[in-house]
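1. What would the 3D arrangement of this be:
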Amino acid sequence: MAEIGICLATYNGAPFLDAQLASIAAQGDVAWHLYVRDDGSSDATPAMLAAFAAAHPGRVTLLEDGAGRCGVTGNFNRLMAAVVEPYIAFSDQDDVWRPGKLATALAAMKALEKAGGAAMVHADRALIDAGGRAVTASYWRARGVRPEALRGAEGHYLFCLAAGAAMLINRPLRDLACPVPEGARNYDCWIELLAHHFGRVAALDVIALDHRRHTSNASGGAADIDSAAARRPLARALRLWRGTARQQSVYDAYFRQARALMVHHASSLAPEARRRLERFVSIPGRGTLARAVALWQARAAPPGLVRRCVFLALTGPRTDPRRPIFDGLRPPR
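-> Presented below is the predicted three-dimensional model:
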């Protein structure tokens, strides 16, 4: 039996899919089984998947459940539920995995699991553009954030550092996280949040893959990452301020995810952790001083002075009636 079940969600991925499938096939030092669910592609993706399955008999499961379009999170929910292996990895359709990606993560996972319970291992990744040209050699360094800067589980309320494509999780964490609820920002942010609250996490300072950024992928384009701006706090602040509406929507998504954590897992949180979570979800729409105090009490301040200032500036009362984003986010009294 394979040790790792790989979840690959596809949708019109033909331009880049062959390279990713080849990099999965090259992970020869670990026994893997690939689970694929296509979300209704109209290009050559289904044919490419069928050819790969034929070339690797017994190692590929093509999920055909007749559920139609499910979106990224819905797709991964169905894939996670299908995995029978003890460990689960996630694959985007347009990346390129580095040699030894799975073996490195699996060795770290087995060391982490000696203490038992839910566990997640994740690593850094390089970024490339649509043509395969390097954008930055390290996502962590381009964002100006290292794993140790996100202290405690609450440090992940406003910052998602782990990427699904760079993760390896075990079955206990899968059982906690799946199905990913509608309120989650996305499947990997949700898994990361639960791993830090209820499990053990190892962050590997290695480049596990080349993560492709282009205009049509779910994680955004290459222009979203600017390593020069990450080194210049004022330039980063200006970029965030110019994208006010977009940045507000990011914060909205994080608050919805925190509210989902309360709804689905509040009873499992320690009393102090629950109090911090309640303080965090009470932040939107309050006055500046009240927001600053609640952020400090929640221990959820984003990393770096610039990010903290932008957060406080953009999470106050909204004057635009078209954006009642925070309605219903505060916990019931």
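
2. List the contacts of residue 17.
-> Under the criterion of Cβ atoms under 8 Å, 6 or more residues apart in numbering, the neighbours of residue 17 are 10, 45, 48-49, 93-94. For every residue, glycine as well, the C-beta is placed using N, CA and C.

3. any idea where the strands of the protein begin and end?
-> Under the criterion DSSP state E, the chain contains strands at 4-10, 32-38, 60-62, 87-91, 96-97, 119-128, 134-136, 167-170, 200-212.

4. Within its sheet, name the partner strands of the second one and how each one runs.
-> Just to be clear, that refers to strand 32-38. strand 4-10 (parallel), strand 60-62 (parallel) (DSSP bridges).

5. mind listing the helices for this structure?
-> In the chain, the helices defined using DSSP state H lie at 14-25, 45-55, 71-82, 101-112, 139-143, 171-177, 187-198, 227-231, 233-242, 244-265, 271-281, 288-298, 305-314.

6. Please identify the most buried of those helices.
-> helix 187-198 (a mean of 24; mean count of other Cβ atoms under 10 Å).

7. Worst mean pLDDT among the strands of the chain?
-> Among the strands of the chain, strand 134-136 carries the lowest mean pLDDT, a mean of 94.

8. How far off centre is it?
-> Computed by Cα atoms, centre = their mean, to the nearest Å, the separation of strand 134-136 from the middle of its chain amounts to 20 Å.

9. Run through the neighbouring helices and strands of that strand.
-> In terms of contacts (3 or more Cβ pairs under 8 Å, 6 or more residues apart in numbering; DSSP states H and E), strand 134-136 is packed against strand 119-128.

10. Output the strand it packs on as CSV, nothing but the C-alphas.
-> Written as CSV, here are the backbone C-alpha positions of strand 119-128 (Å, rounded to 0.1, in the frame of the first residue of the first chain):
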residue,chain,number,x,y,z
ALA,A,119,0.3,16.8,12.4
MET,A,120,1.3,19.0,9.4
VAL,A,121,4.7,19.5,7.7
HIS,A,122,5.1,22.3,5.2
ALA,A,123,7.9,23.9,3.3
ASP,A,124,8.9,27.0,1.4
ARG,A,125,8.5,27.3,-2.4
ALA,A,126,10.0,29.2,-5.3
LEU,A,127,7.7,31.2,-7.6
ILE,A,128,7.8,31.0,-11.4
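
11. most tightly surrounded among the strands paired with strand 32-38?
-> Compared across those, strand 4-10 shows the largest average neighbour count, a mean of 25 (mean count of other Cβ under 10 Å).

12. would you list the strands of the chain in CSV and tack on distance to residue 284?
-> Putting those into CSV (distance: least, Cβ to Cβ, whole Å) gives the following:
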stretch, distance to residue 284
strand 4-10, 31
strand 32-38, 35
strand 60-62, 42
strand 87-91, 30
strand 96-97, 39
strand 119-128, 28
strand 134-136, 32
strand 167-170, 29
strand 200-212, 27
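
13. I'm done for today, thanks for sticking with me.
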